[in-house]
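Asks: Quick one: sequence and predicted model below, then my questions.
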Amino acid sequence: MGITGHRGLSAYVERQVRQLLHEALRNEDPAELTGVSCIADGPDAWFAEAVLRCGGRLEVVIPAEEYREGLPEWHHPTYDELLRRAAEVHRTGMVASDEAAHMTGSEILVGLSDRLLAVWDGLPPRGYGGTADVVAYAERVGVPVQVLWPCGATR
């Protein structure tokens, strides 16, 4: 199961999304659960943490060698811990952490997943490689998408 989602959500929306992620995972058999994430701040990391809490296996996709440096500094300890706990790490081979690398990483993530959770407000993308593009890609290649978005929430 893979994850894609909007970053920069408010604390109020974060609490709701964490609950939705918990509900999405609660009936999963830990022995069969593999979560695939790019472990960015926000839904990527929340999902990875939830998978590990459930006893599942975590696989990480790193979109670019400079990816970590592009994430907020306050997130680096969480990123490093999740990366350390990953059972497997997949890399795109790209260096610059740009939109193309992010989309390539997401395509690898979707390819490793039999379904995709999307913390998505349903709106068009704000830039190439965002959540809406990942959802569209998953749908094009036949990976089922489950949208998790709190009622009335905004970005």
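Replies: Now that the structure is in, tell me what you want to look at.
Asks: could you point out where the chain is predicted with low confidence?
Replies: Applying pLDDT under 70 to the chain picks out no residues at all.
Asks: if you go through it in chain order, where are the strands?
Replies: For the chain, the strands defined by DSSP state E occupy 2-5, 34-37, 57-62, 88-91, 116-119, 145-147.
Asks: Surely A45 and H76 touch.
Replies: No. Look at A45 against H76 with C-beta atoms under 8 Å: they stay out of range, at 11.2 Å. For glycine as for every other residue, the C-beta is placed from the backbone atoms N, C-alpha and C.
Asks: Who has more neighbours out of the two?
Replies: Using other C-beta atoms under 10 Å, the more surrounded residue of A45 and H76 is A45, with 22 against 13.
Asks: From S37, how far off is that one?
Replies: 7 Å (C-beta to C-beta, to the nearest Å).
Asks: Could you do L9 as well?
Replies: L9 sits at a distance of 16 Å from S37 (criterion: C-beta to C-beta).
Asks: Would you mind telling me which of those two has the busier surroundings?
Replies: S37 (27 against 22).
Asks: Kindly state the beta-bridge partners for the more buried one.
Replies: V60 (DSSP bridges).
Asks: OK, contacts around it?
Replies: Applying C-beta atoms under 8 Å, 6 or more residues apart in numbering to S37 gives the contacts 2-3, 44-45, 47-48, 51, 58-61, 82, 109.
Asks: any residues in contact with both of A45 and S37?
Replies: What both A45 and S37 touch, as defined by C-beta under 8 Å, 6+ apart, is the set L82.
Asks: Now A48: closest residue in space, sequence neighbours ignored.
Replies: S37 (4.5 Å; C-beta to C-beta, 6 or more residues apart in numbering).
Asks: I figured P72 was touching D41, is that so?
Replies: Yes. The pair P72 / D41 is scored as a contact, 5.7 Å apart, by C-beta under 8 Å.
Asks: When these two are compared, which one has more neighbours?
Replies: Per other C-beta under 10 Å, whichever of P72 and D41 has more neighbours is D41, with 17 against 12.
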